[in-house]
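J.: Quick one, fold the following:
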Amino acid sequence: MTIRKIKNLVLLTLLLAAPGAWAETIDCTAITTLPTVITVQGIYCLTGDLATSMTSGAAIYINTNNVTIDLNGWKLGGLAAGAGTQAKGIYAFQRKNITIRNGTIRGFVRGIYLQDNSPYTTSQGHLIEDIRADKNTLSGIWVEGRSSIVRRNQVVDTGGSTVFGNAYGITLYGPGVRALINDISGTAATFSGMASGLYLREANGAVAEGNHIDDVRSGTGPIYGLQFYNSSDVLAVRNRITGTNNGIYYSAASGGSTGKYMDNLTSNVATPFFGGTPVGTNN
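T.: Numbering: from 1, shown residues only. Presented below is the predicted three-dimensional model:
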């Protein structure tokens, strides 16, 4: 095979491996004012940056099932409400099949909050992807409901609430949830609150794979990179964790957590692994 043919083959391989370009959603119902309540199933999108100074309620309230919100690369902002805000960015209660993607959500108590009640099986099938959640004061992304997926999100600088001490980068409740290839950095609790970069609770059969978590901190409270609470048969695979007290932590509280972890890597972590069953290589 000639050198030119080899070069062409390599170039073709790289092009085929490259991710597809992000495409703007245009066949949608535009969200142009805040607050907005969605009551009809369908596809909704932003056509520009939107911001609010509201300190309670939700900037976008989803009150039906089967809704997609595409931020189209724009920003949903709530920073003007300050550190005491209790306003949510995008909110739904006990809904099914909510998709939120492609944009920035900034400055709310919870950037995205899809709520359910225990055992977290009424709400289901949510998908959160390609979101940048930054400077939200309690949690960047908080999803409750079985078989939901949170993937390829960037969650930055979560915490600083003057109302809540805890801080969670990403929170998932419910059986069969998935946290995949998320980047979580700078989760900081206040007072003596708990800080957790990625927190999964009552999440039997959950998978946390390919997440990068760093710089999780608190004043005097407990600190975790990836924490499983009251969850059985959960898997932690190929996660990378730096700069925290506890790396991957299977909590023994409230019935305990069980599962396996494999091919995870930690650095500058006081207790890299606690609980669970190690398989493969972990360091």
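
J.: what's the span of stretch 223-235 from first residue to last?
T.: Terminal residues of stretch 223-235 lie 20 Å apart, using C-alpha to C-alpha, to the nearest Å.

J.: how far out from the middle of the chain is it?
T.: Computed by C-alpha atoms, centre = their mean, to the nearest Å, the separation of stretch 223-235 from the middle of its chain amounts to 15 Å.

J.: Which positions in it come out as buried?
T.: 223-232, 234-235 (16 or more other C-beta atoms under 10 Å). The C-beta positions use only the backbone N, C-alpha and C, and glycine is treated the same way.

J.: From the residues you listed, which land in helices?
T.: Among the buried residues of stretch 223-235, DSSP state H puts none in helices.

J.: Most widely separated two among those residues?
T.: 223 and 232 (23.8 Å; C-beta to C-beta).

J.: show me where pLDDT drops low in this protein?
T.: 1-23 (pLDDT under 70).

J.: Now do the helices for it: every range, in order, please.
T.: 3-17.

J.: Need the buried residues of stretch 223-235 in JSON lines (columns: distance to residue 251).
T.: Converted to JSON lines, the buried residues of stretch 223-235 look like this (distance: C-beta to C-beta, whole Å):
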{"residue": "223", "distance to residue 251": "13"}
{"residue": "224", "distance to residue 251": "9"}
{"residue": "225", "distance to residue 251": "13"}
{"residue": "226", "distance to residue 251": "11"}
{"residue": "227", "distance to residue 251": "6"}
{"residue": "228", "distance to residue 251": "6"}
{"residue": "229", "distance to residue 251": "5"}
{"residue": "230", "distance to residue 251": "7"}
{"residue": "231", "distance to residue 251": "8"}
{"residue": "232", "distance to residue 251": "12"}
{"residue": "234", "distance to residue 251": "11"}
{"residue": "235", "distance to residue 251": "16"}
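
J.: Of the residues you listed, which belong to strands?
T.: 223-229, 234-235 (DSSP state E).

J.: Name the member of those residues with the shortest distance to residue 159.
T.: Nearest member of those to residue 159, counting by C-beta to C-beta, is residue 223, at 11.6 Å.
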